[in-house]
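Enquirer: with the sequence up front, the predicted model follows.
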Amino acid sequence: MRTHSRALAVVVMLSAALAGAPSWAADEPGAEAGHGGHGGGGWQSWRAENEVSNRASLQRGARNFMAYCQGCHSLKYVRYSRLGEDLGIPQEQLDQFLLPPGAKPADYILTTMPYADAETWFGKAPPDLSLIARSRGVDYVYQFLKTFYADPAKPTGVNNLRLEGTAMPHVLSELQGVQQAVFKTVETHGEGGQAQSARVFEKFEPLVPGRLSEAEYDAFVRDTVNFLDYVGEPTQLKRKALGIWVVLFLGVFTWLAYLLKKEYWKDVH
C-alpha cells in the first residue's frame with residue numbers, strides 16, 4: 001500500500017510537467033553542452049558553472065521549477081512579485097504562467113501538497129528549497145539532479161549517487177530518461193590486513209531514452225540550479241556590485257588618511 005501511494009505521488013508531480021513554456025522562458029537555440037558526461041565515475045567533479053547574472057537562464061530555471069518542482073517543494077522566502085521584478089517577467093505572464101489559482105503577486109511561493117500527504121507518500125515531507133543552493137552548494141544540487149539511477153529495490157524505483165537512499169522519485173526521468181548505474185567490486189585491506197570489498201560506481205548506462213539529449217538535459221539542470229542559486233540570495237548581484245564600490249572607497253580613504261598622516265607628522269623626527 002505504501003509503495004502504491006508513492007507511485008501515485010510520482011504521477012501527481014509529473015502532471016505539473018504539462019504546463020507550456022512561456023515566451024519569457026523560451027529555450028535558447030543550440031543549448032550549451034554540459035561539462036559532466038555519463039562515462040566514468042568522476043561525477044563528484046561535475047560543476048554547475050551557473051551564472052546568476054544570466055537573466056534568460058534564470059527565466060528558464062523559474063519555468064523549470066514551476067513545472068516540475070513546485071508541486072512538492074516550496075520557496076517560502078520568495079514572493080511572486082519579487083520573482084517577476086528581478087527576472088523581468090511581465091505582469092500578465094506572471095499571472096498566467098506562475099501564479100496558482102487564487103494566489104496574489106505578494107504571496108510567497110508555497111507548494112500545494114498537504115504536509116500529511118507528503119509524509120504518507122514519501123516517508124517525509126519534501127524540503128523547502130529556498131536555501132538549498134546556499135546550504136548544500138550549487139554543485140551538490142547539479143550532481144543530485146544528474147545522478148538518479150534505476151533501483152528496483154527502492155519504493156520509487158530509483159536511487160541517487162549524490163544522496164543514497166533518497167525518498168525523492170526521479171521527476172525529470174521523462175526528460176533525462178532512465179539510466180542504470182554500473183558498479184564494480186574493489187578489494188581493499190583494512191586494519192590488521194583483513195581483506196574488505198567495496199562497491200564502487202563505474203559508469204552510467206542508458207536504459208530508457210528521455211525527450212532531451214544529454215547536452216539539452218545538462219542545460220535544463222544548469223538553468224534550474226541557477227534559479228535556485230538566485231533564490232538563495234536574490235540581492236547577491238547588487239551586493240557584489242556594491243562591494244566593489246566599498247572596496248574602492250576604502251582604498252581612496254586609506255590613501256587620503258596616509259596623506260593626512262604625512263602632513264601632520266612631517267615636522268616630527
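Expert: On my side now, so go ahead. Numbering: from 1, shown residues only.
Enquirer: only C-alpha atoms from now on, for both contacts and neighbour counts.
Expert: Noted.
Enquirer: can you list contacts of the helix or strand containing Asp86?
Expert: For Asp86, the host element (DSSP states H and E) is helix 80-87. Residues from elsewhere that reach helix 80-87, judged by C-alpha atoms under 8 Å, 6 or more residues apart in numbering: 55, 58-59, 89-91, 94, 98-99, 104-109, 234.
Enquirer: may I see the buried residues of whichever strand in the chain runs longest?
Expert: Longest strand in the chain, counting residues (DSSP state E): strand 195-209. When burial is assessed from 16 or more other C-alpha atoms under 10 Å, strand 195-209 yields the following buried residues: Phe201, Glu202, Lys203, Phe204.
Enquirer: where does the closest residue to the last one other than its chain neighbours fall, phi/psi-wise?
Expert: When you say that, I think you mean Phe204. Nearest non-adjacent residue to Phe204, counting by C-alpha to C-alpha, 6 or more residues apart in numbering: Ala181, 4.7 Å away. Per-residue torsions, Ala181: phi -90, psi 130 (degrees, to the nearest 10).
Enquirer: in this structure Ala181 contacts Asn159, no?
Expert: No - contact status for Ala181 versus Asn159: not in contact, 9.5 Å apart, counting by C-alpha atoms under 8 Å.
Enquirer: kindly calculate the angle that the helix or strand harbouring Glu216 makes with helix 80-87.
Expert: Element membership of Glu216 [criterion: DSSP H and E] is helix 214-232. Here the directions of helix 214-232 and helix 80-87 differ by 120 degrees (axes from the mean of the first three to the mean of the last three C-alpha atoms, to 10 degrees).
Enquirer: mind saving the C-alpha coords of helix 214-232 as CSV?
Expert: Listed next in CSV are the C-alpha coordinates belonging to helix 214-232 (Å, rounded to 0.1, in the frame of the first residue of the first chain):
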residue,chain,number,x,y,z
GLU,A,214,22.4,14.8,-22.8
ALA,A,215,23.5,18.3,-23.7
GLU,A,216,19.9,19.6,-23.5
TYR,A,217,19.3,18.0,-20.1
ASP,A,218,22.6,19.4,-18.8
ALA,A,219,21.4,22.9,-19.9
PHE,A,220,18.0,22.2,-18.3
VAL,A,221,19.6,21.2,-15.0
ARG,A,222,22.0,24.1,-15.1
ASP,A,223,19.2,26.6,-15.6
THR,A,224,17.3,25.1,-12.7
VAL,A,225,20.3,25.2,-10.4
ASN,A,226,20.9,28.8,-11.5
PHE,A,227,17.4,29.7,-10.4
LEU,A,228,17.8,28.1,-7.0
ASP,A,229,21.1,29.9,-6.6
TYR,A,230,19.3,33.2,-7.3
VAL,A,231,16.5,32.3,-4.9
GLY,A,232,19.0,31.6,-2.1
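Enquirer: what packs against the next helix or strand after it?
Expert: Counting by DSSP H and E, the next helix or strand C-terminal to helix 214-232 is helix 236-265. The contact analysis (3 or more C-alpha pairs under 8 Å, 6 or more residues apart in numbering; DSSP states H and E) places helix 236-265 against no helix or strand.
Enquirer: helix 236-265 to helix 214-232, inter-axis angle?
Expert: Relative orientation of helix 236-265 and helix 214-232, computed by the same axes, to 10 degrees: 60 degrees.
Enquirer: what is the rounded mean pLDDT of helix 236-265?
Expert: For helix 236-265, mean pLDDT rounds to 87.
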